[in-house]
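# one predicted model, sequence on top.
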Amino acid sequence: MIGGGMMGEALLSRLVVEQVYLPDDMVVSEPQVKRQEFLAQQYGVQVTGENRLAANAIEVLFLAIKPQVFEQVAVSLSAHDRHPATLVISILAGTPLKTLESAFPGQPVIRAMPNTPAAVGAGITAIAAGQHAQAHHLELARRILETVGEVVEVPESMMDAVTGLSGSGPGYVALMIEALADGGVAAGLPRAIAMKLALQTVRGTAQLLQEEGIHPGELKDRVTSPGGTTIAGIAALEKSGFRSAVIEAVRAAWMRSKELGQKS
Ligand SMILES: NC(=O)C1=CN([C@@H]2O[C@H](COP(=O)(O)OP(=O)(O)OC[C@H]3O[C@@H](n4cnc5c(N)ncnc54)[C@H](O)[C@@H]3O)[C@@H](O)[C@H]2O)C=CC1
Ligand SMILES: O=C(O)[C@@H]1CCC=N1
């Protein structure tokens, strides 16, 4: 693994728990010494500050660095260290398969977009396969990424949109939860109770929609009693452009993901 930051750690921790790889079989390359020490101590993985050492003769090269340092990292993984059979999995936002494939010529490459609930095994990851990736590579990528949640396969052309929705989405939902709790506090609830109510309302609503397979509009209709409280709340949300704000958030993140791709 190249980059032992937030997403890298989420994956490492789950790979250890699910015993997909033994800690001894994982090497993380990470320039921050404090981070190296933490990952080694917490998960028992091998750590190094040398990308080339991590990339030597391995089954999977997992890229979990920021897109902005990709070029520098690709250069640091000199060609003679690479095994043509090594599967490259990248979670870099906006970095297209063609950029990844030109950095790892002839190698199987999979572009993936996970999200932060990965840290608790409740993420969702979209994957798109490069031209040299075969069925067994996709299967291996799934096995690895299913340790952090669900996996869906999409054409690469959809990856920027996925990034705008589920990749960035936890940020929008966190804002919504914070705002719900703030609303509760404004209405006189103690902060801790307001937060507990907000969290479970969001979690429970998602679970209900998922388990019953109903349309969100139907659930909205079920909650709104005629002349009641919920329709008053919804009218206020609509007046403030709530739905439009969420749609625009996804579109802005989608555009930003595309922009990052054009720069790489
Ligand atoms: N944070 C998120 O919600 C998501 C992030 N991603 C993608 O995951 C990638 C990593 O994101 P985070 O984990 O949030 O970032 P992060 O900043 O927590 O982790 C990146 C790690 O890479 C290390 N690093 C920097 N330069 C390096 C180099 N030259 N060689 C090796 N390691 C180096 C940093 O020290 C840091 O620990 C990004 O490409 C991002 O687009 C994808 C989906 C969701
Ligand atoms: O904000 C970002 O660029 C990364 C990619 C998706 C979520 N976080």
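That came in fine, so what should we check first? Ligands and ions are numbered 1, 2, ... in the order given.

# how about the residues of the stretch 51-200 of the chain near ligand 1?
Where the stretch 51-200 of the chain comes near ligand 1, counting by Cβ under 6 Å from any ligand atom, the residues are 51, 64-67, 69, 72-73, 91-93, 113-116, 167. Where you see a C-beta, it was placed from the backbone N, CA and C, and this is true even at glycine.

# could you find the lowest-pLDDT member of those residues?
Note: of these, the lowest pLDDT belongs to residue 51, at 84.

# ok, it - contacts?
By Cβ atoms under 8 Å, 6 or more residues apart in numbering, the residues touching residue 51 are 2, 29, 73, 76-77.

# which of those residues count as buried?
Listed as buried from the contacts of residue 51 are 2, 29, 73, 77; burial here means 16 or more other Cβ atoms under 10 Å.

# and those residues as JSON lines, adding secondary structure?
Output for the buried ones among the contacts of residue 51, formatted as JSON lines (DSSP: H, G, I helix; E, B strand; the rest coil):
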{"residue": "2", "secondary structure": "strand"}
{"residue": "29", "secondary structure": "strand"}
{"residue": "73", "secondary structure": "helix"}
{"residue": "77", "secondary structure": "coil"}
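
# closest to residue 184 among the residues of the stretch 51-200 of the chain next to ligand 1?
Comparing those against residue 184 with Cβ to Cβ places residue 116 closest, at 23.9 Å.

# out of the contacts of residue 51, which comes closest to residue 251?
residue 73 (29.7 Å).

# ok, that closest one touching residue 67?
No - with contacts counted by Cβ atoms under 8 Å, residue 73 stays clear of residue 67, the gap being 10.2 Å.

# list buried residues within the residues of the stretch 51-200 of the chain next to ligand 1.
51, 64-65, 67, 73, 91-93, 113-116, 167.

# most widely separated two among those?
Across these, the longest distance by Cβ to Cβ is 25.2 Å; it joins 51 and 115.

# how near is the closest residue to ligand 2 within the stretch 151-264 of the chain to residue 111?
Here the stretch 151-264 of the chain gets closest to ligand 2 at one residue, residue 167, 3.4 Å apart by Cβ to the nearest ligand atom. Going from residue 167 to residue 111 by Cβ to Cβ, to the nearest Å gives 12 Å.

# also residue 19?
With the distance defined as Cβ to Cβ, residue 19 ends up 26 Å from residue 111.

# who are the packing partners of the helix or strand containing residue 137?
Assessed by DSSP states H and E, residue 137 sits inside helix 135-145. Helix 135-145 sits against helix 6-17, strand 60-63, strand 87-90, strand 109-113, strand 123-129, strand 149-153, with contacts defined as 3 or more Cβ pairs under 8 Å, 6 or more residues apart in numbering; DSSP states H and E.

# 7 Å - rerun?
strand 87-90, strand 109-113, strand 123-129 (3 or more Cβ pairs under 7 Å, 6 or more residues apart in numbering; DSSP states H and E).

# ok, residues contacting the second one?
Around strand 109-113, the neighbours that count as contacts under Cβ atoms under 7 Å, 6 or more residues apart in numbering are 87-91, 97, 100-101, 125-130, 132-133, 137-138, 141, 145, 156, 159, 162-163, 167.
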